[in-house]
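Engineer: I would like to see how this sequence folds:
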Amino acid sequence: MGIESIMVNSNPETVSTDYDTSDKLYFEPLTVEDVLHIVEQEQPEGVIVQFGGQTPLNIAGALSQAGVPILGTSPKSIDRAEDREQFQQLLRKLDILQPENGTAANKKEALKVAEKIGYPVVVRPSFVLGGRAMEIVYDRKGLEFYMGEAVQVSPGKPILIDSFLEAATEIDVDAISDGTDTVVAGIMEHIEEAGIHSGDSACVLPAISLASGVIEKIKAQTRALARELNVVGLMNIQYAVKGGTVYILEVNPRGSRTVPFVSKATGVSLAKLATRVIMGEKLKDLGLEDEITPDHISVKESVFPFARFPGVDTILGPEMKSTGEVMGIDRSFGLAFAKAQLAAGQRLPLSGTVFISVKDDDKKPMLYTASRFHSLGFEIVATGGTSRFLGHHRIPSRRVNKVREGRPHVVDMIKNGEIALVINTTGSKKAVTESFSIRNAALAFNIPYTTTLSGATATALAVEAMIEGELQVKTLQEYHGEAQGVRR
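Structural biologist: Reported below is the predicted structural model:
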């Protein structure tokens, strides 16, 4: 565009791969003091804060107060999305639902808020990254224990308490707006249910299980929020859908970690378009006027470092654990998910024995997955309760001991190479502790595993798709062709 660009980035990994993004690079920390020193040196016409995650947003207000022009979405709009009270007022004005919530500065206030909302609740310190110290609490005793720990993570900051929507489907939406028009770039359906950090959850684009009415409501709410916040550039919104009702979880007036995934899946370079919009161009002039819905299926899967940290539990929760991500693309969900698993290092079996041990709430929904594996010719082994439940529903399985029930037990079977896939979901902390050795053994012996019900269902569909047909490789260009009229 003929504009000199200057990047400030203290992350050596991203700097090493993005050397051609800017004319100059300052390898400095993203603090107010350091950025102001660079501003004093370079005298820029403006600063873009949308492409660095949450950290630049946290200092945008201070930069603006110091006289630094913030390009794109204004610091005032950023505050409306980030501040809980201002955000609640915004949602009430737009008649958009959110889970019941409150804030607390101490244990007494937290217990009062939780009693009013009703358990379970999601609790987290404010102003932390990556879901740090975020937890789902199911009772008063758990909340009392949490309040003693969380204060150490974020001293002097309020604790955020939200009603936890059990068995809800979480949705990520990336959108781009020029202040007048807003285009939904991607509606991603999380494969893991709500309660798993969005950075750890696999997701699929386009959404595969949402009713058309729900999708239209999500689009309408996204456009309304962009208009009310006067977004110029990128915006990410996280929704939860339960029983056909759409709830909003949070709005991030910036580029999210899903933008590269959406860009590759759709063939539209969102960061480049957003930069042009921030510099004053309009979406219609750039050829982007309609929502982007690709014909193919793209699956994003998270990559975890568990193999490098012996003794770390692989179970997923609201605190982010992943260190990277991969994607798989195909014409069907099953094959796209299978490719994503291969890329993430999980080689799914086409035959053998599946071990299933699930919490009581998951037993009935697990029948679909178990019957799928049985019909594909897999043998099923299960712990006592799960095995009895499967037998009661005429799905044959062989009972195996839990570790505490004595040998030979399931960990022995994993070590002996008798298990091809592990499906293990847990509820209580006691169950998590007791089943740790199962997940640890699967990791140590490189056995594919899933710790969520939805992940198990997706795995069954992937295995079925691989049995029915070979994986084919195509270029991105073959999948989405030319994005007509869009400058990339």
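
Engineer: Spell out, range by range, the helices that occur in the stretch 1-150 of the chain.
Structural biologist: With DSSP state H, counting those that start in this stretch as the criterion, the stretch 1-150 of the chain has helices at 12-17, 32-42, 54-65, 75-82, 84-94, 107-117, 140-153.

Engineer: Out of the ones you listed, which is the most enclosed?
Structural biologist: Across the helices of the stretch 1-150 of the chain, the average number of neighbours (mean count of other CB atoms under 10 Å) peaks for helix 75-82, which reaches a mean of 20. C-beta: built from backbone N, CA, C; applies to glycine.

Engineer: Give me the angle between that helix and helix 54-65.
Structural biologist: Orientation check (axes from the mean of the first three to the mean of the last three CA atoms, to 10 degrees): helix 75-82 against helix 54-65 gives 140 degrees.

Engineer: Show me what helix 75-82 is packed up against.
Structural biologist: On a contact count with 3 or more CB pairs under 8 Å, 6 or more residues apart in numbering; DSSP states H and E, helix 75-82 meets helix 54-65, helix 84-94, helix 212-229.

Engineer: and of the ones you listed, who's closest to K415?
Structural biologist: helix 54-65 (42.2 Å; CB to CB).

Engineer: packing partners for that closest one?
Structural biologist: The elements that helix 54-65 packs onto, with contact taken as 3+ CB pairs under 8 Å, 6+ apart, are helix 32-42, strand 70-71, helix 75-82.

Engineer: average model confidence for it?
Structural biologist: For helix 54-65, mean pLDDT rounds to 92.

Engineer: same deal with stretch 248-258?
Structural biologist: Mean per-residue pLDDT for stretch 248-258: 91.

Engineer: now the strands: where do they sit in the stretch 301-450 of the chain?
Structural biologist: Here the stretch 301-450 of the chain has its strands, by DSSP state E, counting those that start in this stretch, at 324-330, 353-357, 379-382, 398-399, 421-424, 449-450.

Engineer: Can you list the low-confidence ranges for the stretch 51-200 of the chain?
Structural biologist: 126-133, 149-157 (pLDDT under 70).

Engineer: Could you rerun that using 90?
Structural biologist: Counting by pLDDT under 90, the stretch 51-200 of the chain shows low-confidence ranges at 52-55, 58, 79, 81-88, 100-111, 118-168, 192-200.

Engineer: State the distance from the spatially most central residue of the chain to D330.
Structural biologist: Centroid-nearest residue in the chain, with CA atoms, centre = their mean: S198, separated by 1.7 Å. Applying CB to CB, to the nearest Å, the value for S198 to D330 is 23 Å.

Engineer: on that earlier part again, wait, which of the strands of the stretch 301-450 of the chain is closest to A114?
Structural biologist: A114 lies closest to strand 421-424 among the strands of the stretch 301-450 of the chain, at 28.9 Å (CB to CB).

Engineer: Quick check: buried residues in that closest one?
Structural biologist: Within strand 421-424, the residues that qualify as buried are L421, V422, I423, N424, counting by 16 or more other CB atoms under 10 Å.

Engineer: Check the burial of A167 by counting its neighbours.
Structural biologist: Using other CB atoms under 10 Å, A167 has 14 other residues around it.

Engineer: Quick check, it in contact with E193.
Structural biologist: Yes. Using CB atoms under 8 Å, A167 is in contact with E193, at 6.0 Å.

Engineer: Tell me which residues touch the closest residue to I48 other than its chain neighbours, please.
Structural biologist: Distance criterion CB to CB, 6 or more residues apart in numbering; nearest residue to I48, sequence neighbours excluded, is L71 at 5.1 Å. By CB atoms under 8 Å, 6 or more residues apart in numbering, the residues touching L71 are G46, V47, I48, I278, M279.

Engineer: that older thread, take the helices and strands packed on helix 54-65 and lay them out in TSV including distance to V400.
Structural biologist: Compiled in TSV, the helices and strands packed on helix 54-65 are given as follows (distance: least, CB to CB, whole Å):
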stretch	distance to V400
helix 32-42	57
strand 70-71	59
helix 75-82	50
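
Engineer: any idea how far the closest residue to E28 other than its chain neighbours is from F27?
Structural biologist: Once flanking residues are discounted, E28 sits nearest to D34: 4.6 Å by CB to CB, 6+ apart. Using CB to CB, D34 is found at 10 Å from F27.

Engineer: hmm, back to that, so the residue nearest to the centre of the chain makes contact with E170?
Structural biologist: Yes. Between S198 and E170 there is a contact under CB under 8 Å: 6.7 Å.

Engineer: who's M7 bridged to?
Structural biologist: Beta-bridge pairing of M7 under DSSP bridges involves L25.

Engineer: quick one, what contacts it?
Structural biologist: M7 neighbours (CB under 8 Å, 6+ apart): D18, T21, S22, K24, L25, Y26.

Engineer: Could you pull up the contacting residues of the nearest residue to S397 once chain neighbours are set aside?
Structural biologist: Leaving aside its sequence neighbours, S397 sits nearest to I380 (CB to CB, 6+ apart; 4.1 Å). With contacts defined as CB under 8 Å, 6+ apart, the neighbours of I380 are T353, V354, F355, I356, A370, F373, H374, L390, I395, P396, S397, R398.

Engineer: List the buried residues of the helix or strand L249 falls within.
Structural biologist: For L249, the host element (DSSP states H and E) is strand 245-252. Neighbour-count burial for strand 245-252, counted by 16+ other CB under 10 Å, picks out V246, Y247, I248, L249, V251, N252.

Engineer: what do you get for stretch 436-445?
Structural biologist: F436, S437, I438, R439, N440, A441, A442, L443.

Engineer: Sort out for me which of these are in helices.
Structural biologist: Of the positions in these, F436, S437, I438, R439, N440, A441, A442, L443 sit in helices, assigned by DSSP state H.

Engineer: Just name the closest of those residues to G67, please.
Structural biologist: Distance to G67, by CB to CB, is smallest for L443 among those, at 52.1 Å.

Engineer: can you pull the pLDDT of the closest one?
Structural biologist: If you check L443, the pLDDT there is 88.

Engineer: That one and F304 touch, don't they?
Structural biologist: No. In this structure L443 lies outside contact range of F304 using CB under 8 Å: 9.4 Å.

Engineer: Check the contact lists of these two and give me the overlap.
Structural biologist: Joint contacts of L443 and F304 (CB under 8 Å, 6+ apart) are T314.
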